[in-house]
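**Q** no FASTA, just this:
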Ligand SMILES: Nc1nc2c(ncn2[C@@H]2O[C@H](COP(=O)(O)O)[C@@H](O)[C@H]2O)c(=O)[nH]1
Ligand SMILES: [Mn+2]
């Protein structure tokens, strides 16, 4: 029996040594000591290195560390295996991390990319964590180029600028934060002139709209002070001086480059020295230069905010490293040296001098000097602490105090007016940067030269509402006019904004805009039953009555259980009265084609000729006017299982098809999709965000497979109660929930019974709930608001 190190599994930094003795069983002693030392009563699980459970009391010889947990999964280091390429050549996987936590999913991804044809070496740094498809915090050496491995934020990186090296005193973070205004608006200067300084003469739609903006997600600009200089004279930084870290990339430009490369294939391979590689590298280099220019402009704007000047100069840049890129290096793997393309996906270069290693907004950051010959680490270093938890995992549903999120334990201030981002980017979401640095120092690949302390972290303000005019309208309106510089500029801006808006829709689909089509034909041509004014009138020959007729009231259902068109319109978010809404001619034609086609022909028609937005409009319109049967909905949805992120099923001739959800779930839920996309990239497919079920049914088995990406869900006038208590787990991102017109929620007692079972605090994003013609007891309203900053809007 000897000494063993006990590590607290939940954070991996708290540890102590315990001397085991023969008198007391090892497991019991470890737990007892750990409960005392860590002051955590519920510790009950002991893991051995690699994650194996210590079930009986005896430790094998050779064990030196154990991890104690309250039951959460093992978070210690994991051993990696040697990968093998598809052909005969072997690829090598190296993990440079022993103290840092590395998620199993990230290792799986690392092993996966190591197996790709042409890849010889995959290195995971201590900041390694899962990306949506490929790992982040790694370098991959390959014969050719895989654009998807670099990701869509090509050129993203971190730069450090000098603001005031010798201030009289440390500036007040709150004052600094309030000075940071106007940074979301497009820059008022000339992007072309700014870019020209970086050798960029090619215009892009993103120049006017995005150049000089930080962007969302993990990007940030941070005013900081030098806490400690470890290597004298390094970078000329002074303790107590004011500096600025800027982390941003090529904004929508990189996304557009990756999108163009991945039209036919999701992970294409470009052989080295092919014409295609030259073409891709030209675009890649454009993004890298653009991202540098962007960081410099962000820095310039920020310094202008805090030290306004009529003749501003660019702040002095001390370092600028790109962490998403591909560059060629000579690497010796096995016997021989070869020129290989090193893909850095969240990895700093180690051949360009000092590199920043940011921790988080609530931790210190480091400046590191690379050491060694670069062979072991493929001339790369960790690019930061790396995420420890995925974004979804940060939404625990427990009550969060806004002030505690905008003020960090280090006394710094956070400017972030997006509540979800504020939660997702909490310091706890990131690994321990000290461990990350130690792991690299232990591996002999760097030494720290200075330590930075955050003062103000700028993420985003809600001060600029981008114009969302459809590109086509803007283009058309300006087609025949001479284009002045101003108009040209505006056009570029709108194009950029339009693209950004599309990306936003892909990612959040918060706003599903209703059509505002001008009437083209009289409404009564559209609905069969209202075909002609000459037709003998039915008892209620209004549109509302027709919808009711079309819905074929189920046997035994009373009139209360059927909802009229206006009510349906309210569910769909259409504000106009239905009879005033007339479909576009294209919709009418499509509706007729749908009627005329066989199932097979319809599927082909939809697949090959009808764009998503038209199919979506038809689904919406039909939901109002003449609900479609299941098979037609299926044809309109195609393989994706939804149309443009949305699915509307109005019964009773239609019901939710399991195939719909399977398809939608398959495309949406990559196991690590919620971790990080590393950028504001678009996904190859639109995730399903909105599901509307009216007057149909939803079985428990379907409820359990609802796509996790849903932000808007309507379960309206359903004939049978559904297991609402499953919602927080199945739809964690839910923002809008419509439970209107459900007869099983009509009385207080019934509403209490069904709504009372839901842990509403776990629906952290919920902002609106509609309960038209339903009851909502006061106790439920209280529960709805528990743990929320803003009151959930209740619509009745
Ligand atoms: N000093 C700060 N560091 C931060 C902050 N948010 C994130 N981070 C660190 O930066 C890297 C960036 O990684 P990427 O994959 O998004 O390019 C990340 O790993 C964190 O360690 C912050 O607000 N301040
Ligand atoms: Mn980045």
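**A** Great, that's in hand. In this text the structure is predicted, and so the values were computed from the model without any measurement. Ligands and ions are numbered 1, 2, ... in the order given.

**Q** how long is stretch 266-284 from one end to the other?
**A** 18 Å (CA to CA, to the nearest Å).

**Q** What count of nearby residues applies to the residue in the stretch 251-400 of the chain that ligand 1 sits nearest to?
**A** Per CB to the nearest ligand atom, residue 384 is where the stretch 251-400 of the chain lies closest to ligand 1, at 2.7 Å. Every C-beta, even on glycine, is put in place using the N, C-alpha and C of the backbone. Residue 384: 27 surrounding residues under other CB atoms under 10 Å.

**Q** Use 40 as the first number for this chain going forward.
**A** Okay, using 40 as the starting number, the last item reads as residue 423.

**Q** can I assume it is in contact with residue 167?
**A** No - in this structure, residue 423 sits apart from residue 167 without contact. The criterion is CB atoms under 8 Å, and the distance is 11.2 Å.

**Q** any shared contact partners between the two?
**A** Residues touching both residue 423 and residue 167 (CB atoms under 8 Å, 6 or more residues apart in numbering): residue 176.

**Q** How about the secondary structure of the residue of the stretch 290-439 of the chain closest to ligand 1?
**A** What DSSP: H, G, I helix; E, B strand; the rest coil gives for residue 423 is coil.

**Q** who in the stretch 340-489 of the chain is up against ligand 1?
**A** If contacts are counted using CB under 6 Å from any ligand atom, the residues of the stretch 340-489 of the chain sitting beside ligand 1 are 362, 385, 397-400, 404, 422-425, 464, 469.

**Q** so how many other residues sit close to residue 687?
**A** By the criterion of other CB under 10 Å, residue 687 has 26 neighbours.

**Q** can you check residue 112 too?
**A** Using other CB under 10 Å: residue 112 sits among 11 other residues.

**Q** what's the nearest residue to it if we skip its chain neighbours?
**A** With sequence-adjacent residues excluded and distances taken as CB to CB, 6 or more residues apart in numbering, residue 112 is closest to residue 90, at 8.0 Å.

**Q** hang on, the one you found packs against residue 113?
**A** Yes - in this structure residue 90 lies within contact range of residue 113 using CB under 8 Å: 3.8 Å.

**Q** Name the single longest helix found in this protein.
**A** If you go by DSSP state H, the chain has its longest helix at helix 314-345.

**Q** In that helix, which residues are buried?
**A** Taking 16 or more other CB atoms under 10 Å as the basis for neighbour counts, the residues of helix 314-345 that come out buried are 316, 319-320, 322-323, 325-342, 345.

**Q** same check, this time on stretch 92-112
**A** For stretch 92-112, the neighbour count (16+ other CB under 10 Å) marks 93, 98, 104, 105, 106, 107, 108 as buried.

**Q** Ligand 1: which of the residues you listed is nearest?
**A** Distances from ligand 1 to the buried residues of stretch 92-112, taken as CB to the nearest ligand atom, are shortest for residue 106 (22.5 Å).

**Q** quick check, that closest one in a helix?
**A** No - with three-state DSSP as the criterion, residue 106 is located in strand rather than a helix.

**Q** per-residue pLDDT, it?
**A** The predicted structure scores residue 106 at 87 on the pLDDT scale.

**Q** How about the contacts made by it?
**A** By CB under 8 Å, 6+ apart, the contact list for residue 106 reads 45, 46, 47, 48, 51, 85, 86, 113, 114, 115.

**Q** does residue 687 count as helix, strand or coil?
**A** Three states are possible here, and by three-state DSSP the one that applies to residue 687 is strand.

**Q** do you know how far it is from ligand 1?
**A** Using CB to the nearest ligand atom, to the nearest Å, we find residue 687 at a distance of 36 Å from ligand 1.

**Q** mind pulling up the phi and psi values for residue 741?
**A** Torsion angles at residue 741 (phi, psi; degrees, to the nearest 10) stand at phi -70, psi -40.

**Q** how many other residues sit next to it?
**A** Once other CB under 10 Å is used to define contacts, residue 741 is seen to have 17 neighbours.

**Q** Spatially nearest residue to it (excluding sequence neighbours)?
**A** Leaving out its chain neighbours, the residue that sits closest to residue 741 by CB to CB, 6+ apart is residue 695, at 5.7 Å.

**Q** next one: residue 267
**A** residue 490 (4.4 Å).

**Q** And the pLDDT for residue 238?
**A** pLDDT recorded at residue 238 is 97.

**Q** can you check residue 120 too?
**A** 37.

**Q** distance of residue 457 from residue 824?
**A** Shown here: residue 457 relative to residue 824, a distance of 20 Å by CB to CB, to the nearest Å.

**Q** If we go by neighbour counts, what in the helix or strand containing residue 493 is buried?
**A** Counting by DSSP states H and E, the element that carries residue 493 is strand 485-499. If you call a residue buried by 16+ other CB under 10 Å, then strand 485-499 has these buried ones: 485, 487-499.

**Q** about what we covered before: quick check on residue 90 and residue 113: which one has the bigger neighbour count.
**A** More neighbours surround residue 113 than the other of residue 90 and residue 113, with 19 against 15 (other CB under 10 Å).
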